[in-house]
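Trainee: structure for this input, please:
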Amino acid sequence: MKKLLLLAALLPTLMFALPFDEARFLLNRTGFGATVEEIKTLQPLTYEEAVKYLLHQSTDRAQTPYPAWYGTSLLNGRKYKELSTQEKQLLRKLRRRRWQELQLWWVHEMVVTTSPMTEKMTLFWHNHFTSQLPKVKWPGLMLEQNILLRHEALGNFATLLRKIARDPAMLIYLDNISNKKAHPNENFARELLELFTLGEGHYSESDIKAAARAFTGWTVDRKSGKFRFNPRVHDFGQKTFLGVTGNLNGDDIIEIILRQEQTAVFITEKCYREFVSPDVNESEVTRIANRFRESGYEIKTLLYEILTSDGFKKSSGRDFLIKSPVELVVGTVRTFGIEANVSRYLFRSARAMGQELFNPPNVKGWPGGKAWITTGSLAERRSFLRRAGRVLDRRYRNSEIYPVDMLTKWLLVTDPVTQITDEKRRFTSILLDPVYNLK
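Mentor: Numbers count the residues shown, from 1 in each chain. Sure thing, here's the model as predicted:
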């Protein structure tokens, strides 16, 4: 009788437990690949429970120790113009070395993290609030920005927006350090509206000019590298922005933006394209955006609504997405447990495929989607995957732990394009199949 009662209690969970394919799909879309262990962890859960688990087990800090130079200054209190020609050359070499160390540090963190969803969202925000190392120049500032993006990756968008407006790397990258009352610079204000919050068509040129005036004096202290407000160059005059008139400053502009319904819609649409499909379902986006805004811009609420939406959950007719270079290389290494000390090779491979961390092509970021596949990038993808396949074929040459049927079910989102007949080259064959580039 006890056994029958126990079975009756477990029956609802067993009935709605997550199938292998669904667990793999959810992990692939929200992280970098899916190990067998990760899939097994989700399988006893219902779909909604699995989504909640992924969201709430996430972290907001990196596991990999920061580079040893973090928190130190390249100039050690001196001014750049005071350096000799030789000292400037040495400084440039040191700066380039730190750039590389920073890039390799993040690749390593993506590989070893126990919270891939955190790193996936950090990468998402890095491509939304873009900054480029070559223009910012100071690796420490780019690391500070990366720490901020990770801390709020699954936190609160309003908080992230307020902080990014004060982020030194962002202020340098979008020229707000030269935004002064006498000569307003509109770069930051324009991208704040067009790319970060509202999107084209939801503001006017006069709104951009007003916002630029409001952000005058928001700059970076040259000695500390921290945000500084300089009242001497700030415009304290009356401004009209999105219908609001007053002595507006940068904080006022951000609060007005956050009150716009379009802000939630714009961010929801971008997340929908990232996780679901490039073809947006407007009714779903409207519903999700309303929940997002009502929550006070909680990112976990936004992602929960997206990941449990009909568009994401439907088991047939899914819109397959193309893995970015970073997703491809990091996911391959994570999925198979290949040694994490290959960070340099992974970084170079992703860069050759068109995605260099901390150096997106422009303020719009990497376009993604079909733009990832070009003649050159496809050749680089095949080169990387061929090498990874050979490593795995050698490792499991005499092992029956990963038969072809199991591998195709595990690694491919749909049937392979080519028939796999050579057991000795089964990993190479599967990784080189075009379907492996999809998620």
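Trainee: so where's the stretch 251-400 of the chain shaky on pLDDT?
Mentor: By pLDDT under 70, the low-scoring segments of the stretch 251-400 of the chain are 315-318, 340.
Trainee: try it again at 90.
Mentor: Where the stretch 251-400 of the chain drops to pLDDT under 90, the residues are 313-319, 337-343, 398-400.
Trainee: any figure for the gap between the closest residue to residue 24 other than its chain neighbours and residue 332?
Mentor: In space, and not counting its chain neighbours, residue 24 is closest to residue 34: 4.8 Å by Cβ to Cβ, 6 or more residues apart in numbering. The way it works is simple: take the backbone N, C-alpha and C, and place the C-beta from them, glycine included. In this view, residue 34 and residue 332 are 12 Å apart by Cβ to Cβ, to the nearest Å.
Trainee: residue 393 is in contact with residue 425, correct?
Mentor: Yes - counting by Cβ atoms under 8 Å, residue 425 does reach residue 393; the two are 5.7 Å apart.
Trainee: neighbour-wise, which of the two wins?
Mentor: residue 393 (18 against 15; other Cβ atoms under 10 Å).
Trainee: run the chain-centre distance for stretch 300-308.
Mentor: Relative to the centre of its chain, stretch 300-308 is centred 16 Å away, using Cα atoms, centre = their mean, to the nearest Å.
Trainee: would you put the C-alpha positions of that stretch in CSV?
Mentor: Output of stretch 300-308 as CSV, limited to C-alpha atoms (Å, rounded to 0.1, in the frame of the first residue of the first chain):
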residue,chain,number,x,y,z
LYS,A,300,15.0,36.9,-14.5
THR,A,301,11.3,37.7,-14.9
LEU,A,302,12.0,38.7,-18.6
LEU,A,303,13.9,35.5,-19.2
TYR,A,304,11.4,33.2,-17.4
GLU,A,305,8.6,34.6,-19.6
ILE,A,306,10.7,34.1,-22.8
LEU,A,307,11.9,30.6,-21.9
THR,A,308,8.4,29.4,-21.0
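Trainee: now that stretch: buried residues?
Mentor: By neighbour count on 16 or more other Cβ atoms under 10 Å, the buried set for stretch 300-308 is 300, 301, 302, 303, 304, 305, 306, 307.
Trainee: among these, which lie within helices?
Mentor: Under the assignment DSSP state H, the buried residues of stretch 300-308 contribute 300, 301, 302, 303, 304, 305, 306, 307 to helices.
Trainee: of those residues, closest to residue 265?
Mentor: residue 302 (11.4 Å; Cβ to Cβ).
Trainee: hang on, the earlier thing: is it true that the residue nearest to residue 24 touches residue 20?
Mentor: No - Residue 34 is not in contact with residue 20 according to Cβ under 8 Å; the separation is 9.9 Å.
Trainee: if we can go back for a sec, could the buried residues of stretch 300-308 go into CSV alongside distance to residue 165?
Mentor: CSV is the format used below for the buried residues of stretch 300-308 (distance: Cβ to Cβ, whole Å):
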residue, distance to residue 165
300, 22
301, 22
302, 20
303, 23
304, 27
305, 26
306, 25
307, 29
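Trainee: going by distance to residue 185, which of those wins?
Mentor: Within the buried residues of stretch 300-308, the smallest distance to residue 185 is 31.8 Å, found for residue 302 (Cβ to Cβ).
Trainee: same for the helix or strand where residue 240 lies, what does it pack against?
Mentor: Taking DSSP states H and E as the criterion, the element that holds residue 240 is strand 239-241. For strand 239-241, the packing partners by 3 or more Cβ pairs under 8 Å, 6 or more residues apart in numbering; DSSP states H and E come out as helix 205-214, helix 250-258.
Trainee: what residues does whichever strand or helix holds residue 427 touch?
Mentor: Assigned by DSSP H and E, residue 427 belongs to helix 426-432. The contact list for helix 426-432 (Cβ atoms under 8 Å, 6 or more residues apart in numbering) reads 332, 382, 385-386, 388-390, 392-393, 396, 402-404, 407-408, 411-412, 416, 418, 420, 422, 436.
Trainee: can I have the buried ones of these as a PyMOL selection?
Mentor: Applied in PyMOL, the following selects the buried portion of the contacts of helix 426-432 according to 16+ other Cβ under 10 Å:
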select buried, resi 332+385+388+389+392+393+396+402+404+407+408+411+412+416+420+436
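Trainee: show me the contacts of helix 426-432 that map onto helices.
Mentor: 332, 382, 385-386, 388-390, 392-393, 404, 407-408, 411.
Trainee: which pair of these spans the longest distance?
Mentor: Longest span within the ones in helices among the contacts of helix 426-432, Cβ to Cβ: 382 and 404, 19.9 Å.
Trainee: quick one: neighbours of the closest residue in space to residue 393 that isn't next to it in sequence, just the number.
Mentor: Closest residue in space to residue 393, ignoring its immediate chain neighbours: residue 427 at 4.8 Å, by Cβ to Cβ, 6+ apart. When neighbours are defined as other Cβ under 10 Å, residue 427 has 25 of them.
Trainee: and the helix holding residue 427, average pLDDT?
Mentor: Helix 426-432 shows a mean pLDDT of 97.
Trainee: how about the CA coordinates for that helix, as PDB?
Mentor: Provided in PDB are the C-alpha atoms of helix 426-432 (Å, rounded to 0.1, in the frame of the first residue of the first chain):
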ATOM      1  CA  ARG A 426      32.300   9.400 -35.600                       C
ATOM      2  CA  PHE A 427      33.200  12.500 -33.500                       C
ATOM      3  CA  THR A 428      34.900  14.200 -36.500                       C
ATOM      4  CA  SER A 429      31.900  13.300 -38.700                       C
ATOM      5  CA  ILE A 430      29.300  14.700 -36.300                       C
ATOM      6  CA  LEU A 431      31.200  17.900 -35.500                       C
ATOM      7  CA  LEU A 432      31.800  18.600 -39.200                       C
END
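Trainee: what about residue 34 and residue 20, which has more around it?
Mentor: Neighbour count, other Cβ under 10 Å: between residue 34 and residue 20, residue 34 has more, with 25 against 15.
Trainee: got the confidence number for the more buried one?
Mentor: Predicted confidence (pLDDT) for residue 34: 95.
Trainee: for it, list the residues it contacts.
Mentor: 23, 24, 27, 28, 335, 410.
Trainee: quickly find the element holding it.
Mentor: Using DSSP H and E, residue 34 falls within no helix or strand.
Trainee: which element follows the longest helix along the chain toward the C-terminus?
Mentor: Taking DSSP H as the assignment, the helix of the chain that covers the most residues is helix 85-112. Per DSSP H and E, the first helix or strand lying C-terminal to helix 85-112 is helix 116-126.
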